[in-house]
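Colleague: A predicted structure for the sequence below; I have some questions about it.
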Amino acid sequence: MRDLRMRRIMSKNLAWILAMLISPCWLMAGGGAADASAAKAASAEAAPAAEPAMPSVTTVTTDPLIQLLATKGILTAGEAQNIMSAPAGQMRDRLVLLLKEKGILSEHDLNALSMGASTYAADAASNAAPIEEGLTTQATGPTVPPPSIKDGPVSAVIPVRVFPVGLPQEREGLIPAIHLGDNIRFRPYGIFQTGASYDTASPYGNDFPLPGFNPIVNGPDKLPEFHLQARALRLGTDFEWLDIAPNVILTGKFEMDFAGNFGRSNNSTFNSIHANTPLIRVAYGRIDWAATDKTSLLALFGQDWTPFGSSTLPDLLESNGLGFGFGTLYQRAPQMRFGFNHKFGSDRDFQIQPEFAVVDPAFAAQPADLTSLGNVIPGNEGVANQLGYGERQGADSQRPEVQARIVTQFQLDKAPNVPPAQIIFSGTEAERSVVVLANAVPTLTFGANPLVFKNAFPNGVRIHSHRDGFSGEAQLPTRWFTLIAKYYSGSDLRAYGAGQLFALFNKTTGLTSTATAQSIDGSATTVFGLLNGVPVIAPQLPPRSQGGFVNLGLPFSRWVGANSEGRNSGWTMYLHYGRDQALARDVRREGGGRQNSDVSSAQLQYKFNRFITFAFEQSLYRTRAIPLTATGLYPSFQGRPMRELNDVRSEFGTIFTF
């Protein structure tokens, strides 16, 4: 039905569209008042009253032809915006190519467009229906004042999306701020967030929340803290390299920020409170190849968000941790990613995009100072503390982490200025290897043969364990609200901010005469023991966990019909709940303590203009514990055993974008 209706619309308006494409005033991107007035009037006449509302463009899209094509569903909102973002001299060519890709224009039509403007306009007028004849007459008539333009509705709440679906842009679609020669284009951007926060319980000294009892901190009170923050500065640049092949798009991105924890190096520690270390967030090059009108292939090389778990992120004012340990689940890592996108061409603009990636394996294993173990070169005792997290155990497995995701995208709500919905599934599998050197293999402090482990493992040992994970995610924007949600389940998810940040535990059931040794990086304690008199190594098992979040965005300004260009167009509220929990049985093997953490928050945003946004967020971060294995009591906090630790956080922030 949709295809038949599309053909009817286009057969009626094709000649008029072609005439507009070569109209000199349109080539100048909306030149004279008379042409704009006539085109808007003709657009109002040509749109049938029974035509359903289609995804529209934002209010900056004022070209009448683009508006008409978007209203009739011939162009999606994203396609219309992409055309309007092009330089004036490129809009016509971009629209013509897009209409040809959709099968609306034929080769004959393109040849006709190459005729002179007057010749083709005359042919179009002679063969057009009366409404097109009226349009031609008006377009060449005297200048008249343009009618008032009714602003479109305020945009629906747009989900936070770090992965594009389909081509990242059309060829030469990047509007550059800087040119490097003829073939390289740059577009810098940035975000700067300042704010003030107060936590009723912040025992670790961070300016972002972490799960309680991690590690267990016992003080005179709940250790509240106040912070003024001015370190969340993010700078980035988009790139485009023009390739000789017309169906190849080469793009790239570099992004860094200062939102990491304070640097440990001696030259910055003294001033660490106001001199943060810049960290690379994203840095990659990407190749897209439009194989057909409906199918494109992609390849990405560099550091980007991980396909597993990172596709859906909540909108939280607290962005330094972003729900780390409270159900968000995300990561960025070096990777090589490959995939393809296929458009099915339905009236909902249904697309599917599978992706596969090999990723640098990171396990967030915290290295220790190995001075006491004799594994550090004299003079470099502090280097182990600066290596970062997860540098060895994943790499020592001698294999990459394997990840995949599949995305389906479609237009759930066809109202104007509503982005498409997405349903996403992802998974990961990786291996870690804990190495104990030969000189670190322990000796027994009792027994007939204290060298039993040295003799059994003369070359040291290597212990393997696996990580696996699964996530299901949904992003459902509508004109009334935007609902995003995520569920995940897996093991050894510490590096993704899940599993209550627990690391490996040793399964010592049935072992006698045990002794311990440190791994080569000092981040893991291994257990040696006798099983029925035979020397063995205790298996190391990953903690299992599950969690997720629900984030609801409410476009208050759209509800009340605010002017999209006015001061009241930027009122939005976000309601959020997230939860992360480790399997209780595994927590007991870890020694007990924290078992699950959740966060409930409400945020009110006011977008003063497109550069400045003010926000206030009120949150409750909670951690619940199970009794400690050693004592049978709950963790001691504030001088007494406590099952639950609460942190009420109030935060005000100002966000500058440029």
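Modeller: On my side now, so go ahead.

Colleague: Could you use CA atoms for every contact and neighbour count after this?
Modeller: Fine.

Colleague: From Gly309, how far off is the most centrally placed residue in the chain?
Modeller: Note on the chain: the residue nearest the mean C-alpha position is Val162, at 3.0 Å, using C-alpha atoms, centre = their mean. Distance of Val162 to Gly309, computed by C-alpha to C-alpha, to the nearest Å: 11 Å.

Colleague: now swap in Leu552 and tell me
Modeller: 19 Å.

Colleague: More neighbours: which of those two?
Modeller: Neighbours were counted for Leu552 and for Gly309 using other C-alpha atoms under 10 Å; Gly309 has more, 29 against 22.

Colleague: Tell me the secondary structure of that one, please.
Modeller: coil (DSSP: H, G, I helix; E, B strand; the rest coil).

Colleague: these two touch, right, it and Leu329?
Modeller: Yes. Checked against C-alpha atoms under 8 Å, the pair Gly309 and Leu329 is within contact range at 5.9 Å.

Colleague: shared neighbours of these two, anything?
Modeller: Taking C-alpha atoms under 8 Å, 6 or more residues apart in numbering as the contact rule, Gly309 and Leu329 both touch Tyr488.

Colleague: if we can go back for a sec, contacts only, for the residue nearest to the centre of the chain.
Modeller: So Val162 contacts 305, 310-312 (C-alpha under 8 Å, 6+ apart).

Colleague: could you show me where the strands are in the stretch 201-350 of the chain, in order?
Modeller: 225-241, 248-257, 279-290, 295-305, 332-343 (DSSP state E, counting those that start in this stretch).

Colleague: what helices or strands is the longest one leaning on?
Modeller: What it means is strand 225-241. strand 184-199, strand 248-257 (3 or more C-alpha pairs under 8 Å, 6 or more residues apart in numbering; DSSP states H and E).

Colleague: partners of the first one in the sheet?
Modeller: For strand 184-199, the paired strands and their directions (DSSP bridges) read strand 178-180 (antiparallel), strand 225-241 (antiparallel), strand 644-657 (antiparallel).

Colleague: Spell out which residues make up each domain of this protein.
Modeller: Using automatic domain parsing, the domains assigned to the chain come out as 2-139, 178-657.

Colleague: which one of those domains lies closest to Ala156?
Modeller: domain 178-657 (5.2 Å; C-alpha to C-alpha).

Colleague: hang on, the earlier thing: turn the strands of the stretch 201-350 of the chain into JSON lines, including mean neighbour count and mean pLDDT.
Modeller: Formatted as JSON lines, the strands of the stretch 201-350 of the chain follow (neighbours: other C-alpha atoms under 10 Å; pLDDT from 0 to 100):
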{"stretch": "strand 225-241", "mean neighbour count": "18", "mean pLDDT": "89"}
{"stretch": "strand 248-257", "mean neighbour count": "20", "mean pLDDT": "93"}
{"stretch": "strand 279-290", "mean neighbour count": "19", "mean pLDDT": "94"}
{"stretch": "strand 295-305", "mean neighbour count": "20", "mean pLDDT": "96"}
{"stretch": "strand 332-343", "mean neighbour count": "20", "mean pLDDT": "96"}
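
Colleague: separation between Ile626 and Phe340?
Modeller: 46 Å.

Colleague: May I have the helix or strand encompassing Ala625 as CSV, with CA atoms only?
Modeller: Assigned by DSSP states H and E, Ala625 belongs to strand 612-626. Extracted in CSV, the C-alpha atoms of strand 612-626 (Å, rounded to 0.1, in the frame of the first residue of the first chain):
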residue,chain,number,x,y,z
ILE,A,612,24.0,26.6,27.3
THR,A,613,21.9,24.1,29.4
PHE,A,614,21.2,24.3,33.1
ALA,A,615,20.3,21.1,35.1
PHE,A,616,19.6,20.0,38.6
GLU,A,617,19.6,16.3,39.6
GLN,A,618,18.5,14.7,42.9
SER,A,619,19.6,11.1,43.4
LEU,A,620,19.6,8.3,45.9
TYR,A,621,22.4,5.8,45.6
ARG,A,622,22.0,2.7,47.8
THR,A,623,24.2,-0.4,48.4
ARG,A,624,22.9,-3.5,50.2
ALA,A,625,25.2,-6.1,51.7
ILE,A,626,25.2,-9.7,52.9
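
Colleague: quick revisit: if we compare the domains of the chain, which one ends up closest to Ser155?
Modeller: domain 178-657 (4.9 Å).

Colleague: Who are the contact partners of the spatially closest residue to Phe652 that is not a sequence neighbour?
Modeller: Distances taken as C-alpha to C-alpha, 6 or more residues apart in numbering put Phe616 closest to Phe652, at 4.5 Å, once the chain neighbours are dropped. Residues in contact with Phe616 (C-alpha under 8 Å, 6+ apart) are 317, 603-605, 650-653.

Colleague: Check which strands are paired with the helix or strand hosting Ala485 and give the direction for each one.
Modeller: Assigned by DSSP H and E, Ala485 falls within strand 482-491. Taking DSSP bridges as the criterion, strand 482-491 forms sheet pairs with strand 461-477 (antiparallel), strand 544-554 (antiparallel).

Colleague: For that strand, output the C-alpha coordinates as CSV.
Modeller: Presented in CSV, the C-alpha positions along strand 482-491 are these (Å, rounded to 0.1, in the frame of the first residue of the first chain):
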residue,chain,number,x,y,z
THR,A,482,11.3,8.7,25.3
LEU,A,483,11.9,5.4,27.1
ILE,A,484,15.3,3.8,27.0
ALA,A,485,16.1,0.6,28.8
LYS,A,486,18.9,-2.0,29.2
TYR,A,487,19.2,-5.4,30.7
TYR,A,488,22.5,-7.3,30.9
SER,A,489,23.8,-10.6,32.4
GLY,A,490,27.3,-12.1,32.4
SER,A,491,30.4,-12.9,34.3
